[in-house]
Structures are given as C-alpha cells and as structure tokens.
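K.L.:
quick one: sequence plus predicted model below, questions after.
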Amino acid sequence: MPTYNKLVRDKIPQIIENTGKKFSTEILNDQDYIKYLKEKSYEELDEYCAAESSEEAVEELADLLEIIQALSKHHGSSIEEVESVRKEKAEKRGGFEEKIFLIEVED
C-alpha cells in the first residue's frame, strides 16, 4: 500500500472509499495542520511551475488559491481581506504587470 503522509482535500477519503480501496487517515491538530498546509503550498507551486499549458496552470493556481483561503481562515482572516491587502499593496508599490526586473541599486 503506498504511503502518502500529506494533507488532502476534504472529499478525497470519500472518493477513495467509492473505489473500494482501503485507506487510513487522521485529523491533524492545528500545529500540524499549518505545517502540512505550508508543505502543500510548495507542492502546488511546484506543480504550477511544471504546468505545460495554460489550462494546467489555471488548475494549479486554483489549488494555490484554495490553500491561501485555508491559511487566511486559520489566521482569523478571509480571502476577501487578503485581496484587500493585495489591492492596498498594489496601489502603494504597484503590481507585476510591467515585467520590471531590477538588476542593481547603487549604495
């Protein structure tokens, strides 16, 4: 039986059960939940970076957004508040639309 030891979406156990396969899970405490949620964010970012089409990229971005939503909730916030902070930062510092690559700054 393959060992995964990773955080999965809430309906994955039901999906596995529907295939007739046996599996084991556990409910994480808050400390481990955040640890594995952070690990999952790296996994999804790697998958986004490896995406070979825009369709795949959007799928992985959706997974990253799901993780950001879970993390924001854990920190007593919401995706809407994260978006508000993003907009504030974009107003003050700009976004990344102009594709500016900083080479160096003189001391």
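P.N.:
Okay, I see it. Numbering: from 1, shown residues only.

K.L.:
centroid residue for this protein?
P.N.:
residue 64 (2.9 Å; C-alpha atoms, centre = their mean).

K.L.:
so that one touches residue 41, yeah?
P.N.:
Yes: if you go by C-beta atoms under 8 Å, residue 64 and residue 41 touch, sitting 6.8 Å apart. Every C-beta, even on glycine, is put in place using the N, C-alpha and C of the backbone.

K.L.:
SS state for residue 49?
P.N.:
Secondary structure, DSSP: H, G, I helix; E, B strand; the rest coil: residue 49 is helix.

K.L.:
where exactly do the strands run in the protein?
P.N.:
Read by DSSP state E, the chain holds no strands at all.

K.L.:
quick one, helices of it?
P.N.:
Assigned by DSSP state H, the chain shows helices spanning 12-18, 30-50, 54-74, 79-93.

K.L.:
right, so of those helices, which gets closest to residue 5?
P.N.:
Across these, residue 5 has its closest neighbour in helix 30-50 (8.7 Å, C-beta to C-beta).

K.L.:
thanks a lot, see you next time.
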